[in-house]
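Student: Mind looking at a prediction? Sequence and model below.
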Amino acid sequence: MIGRSTLGVVVALALVGSACGRVAEHREPWCRPVAATTLLAQTVPSASLIPCVRELPEGWTFAGYTASDEGASFTLAGPEDSGARAEVSFMQACDGASGAAIRSDERATELLEDVRRREPYAGRWTYRFDGGCAGVNVAVGAGGRPQDVAAALSFVPRAAVDVGPSRAVDPS
């Protein structure tokens, strides 16, 4: 017969194992509490907002994800052979960010746009917010629209996804 404490350890290990598995299965940091978005939140514990994917534009795919204790990044790839990409870097600070301050499409953020090429569009968008920032290198192919990338990406408040130890708990 298995004791209650042994059963608890077995259940805990099963849950940890399945949570780790979900990161591999759901690598996309969607704008909801999935494992990849929670992990992203934990890489920059000071950030009030977490970058995420709202929905992929038609023909776009998720191309990669990395996370460490210094920040995280993920990449979206445009339709095959288009050369379109969006590389999102999430970190505590974007020192040296350049570009023109423009009206942000995201609440509670400041946005800088550094246009590198107008046709087809290539540039860097730097979003700054309390406790963090996100840099987005964007390149769209001929006929592509940077608005599609802007519509695909968004931010969620930390409280919506963060379940780790970095989340502040109000004792009242």
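Tutor: Alright, I've got the coordinates.

Student: now residue 73, nearest residue through space, not along the chain?
Tutor: residue 89 (4.6 Å; Cβ to Cβ, 6 or more residues apart in numbering). (Glycine included, C-beta is placed from N, CA and C.)

Student: Counting neighbours, what do you get for that neighbour?
Tutor: 19 (other Cβ atoms under 10 Å).

Student: Pull the residues that contact the helix or strand it falls within.
Tutor: In this assignment (DSSP states H and E), residue 89 forms part of strand 85-91. By Cβ atoms under 8 Å, 6 or more residues apart in numbering, the surrounding residues in contact with strand 85-91 are 40, 43-44, 47, 50-51, 63, 70-78, 132-139, 149, 152-153.

Student: same check, this time on stretch 105-124
Tutor: For stretch 105-124, using Cβ under 8 Å, 6+ apart, the contacting residues are 48-49, 83, 97-104, 125-130, 135-146, 150, 154-155.

Student: Buried members of those into PyMOL, please.
Tutor: Remark: buried members of the contacts of stretch 105-124, expressed as a PyMOL selection using 16 or more other Cβ atoms under 10 Å:
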select buried, resi 49+97+104+125+126+127+128+129+135+136+137+138+139+140+144+146+150+154+155
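
Student: In helices, which of the contacts of stretch 105-124 fall?
Tutor: The helices, defined by DSSP state H, take in 146, 150 from those.

Student: can you give me the strands in this protein?
Tutor: For the chain, the strands defined by DSSP state E cover 49-53, 61-68, 71-77, 85-91, 100-102, 110-117, 122-129, 132-139, 153-157.

Student: ok, and which of those has the densest surroundings?
Tutor: Comparing the strands of the chain by mean neighbour count (mean count of other Cβ atoms under 10 Å), strand 49-53 comes out on top with a mean of 26.

Student: Against which helices or strands is it packed?
Tutor: Judged by 3 or more Cβ pairs under 8 Å, 6 or more residues apart in numbering; DSSP states H and E, strand 49-53 is in contact with helix 35-43, strand 85-91, strand 153-157, helix 158-161.

Student: Which one of those lies nearest to residue 57?
Tutor: For the helices and strands packed on strand 49-53, proximity to residue 57 was assessed by Cβ to Cβ; strand 85-91 is nearest, at 9.5 Å.

Student: quick check: mean pLDDT across the closest one?
Tutor: The pLDDT scores in strand 85-91 average 96.

Student: So what's the gap between that strand and the chain middle?
Tutor: Relative to its chain's centre, strand 85-91 lies at 8 Å (Cα atoms, centre = their mean, to the nearest Å).

Student: Pairing partners for it, with directions?
Tutor: Applying DSSP bridges, strand 85-91 is found paired with strand 71-77 (antiparallel), strand 132-139 (antiparallel).
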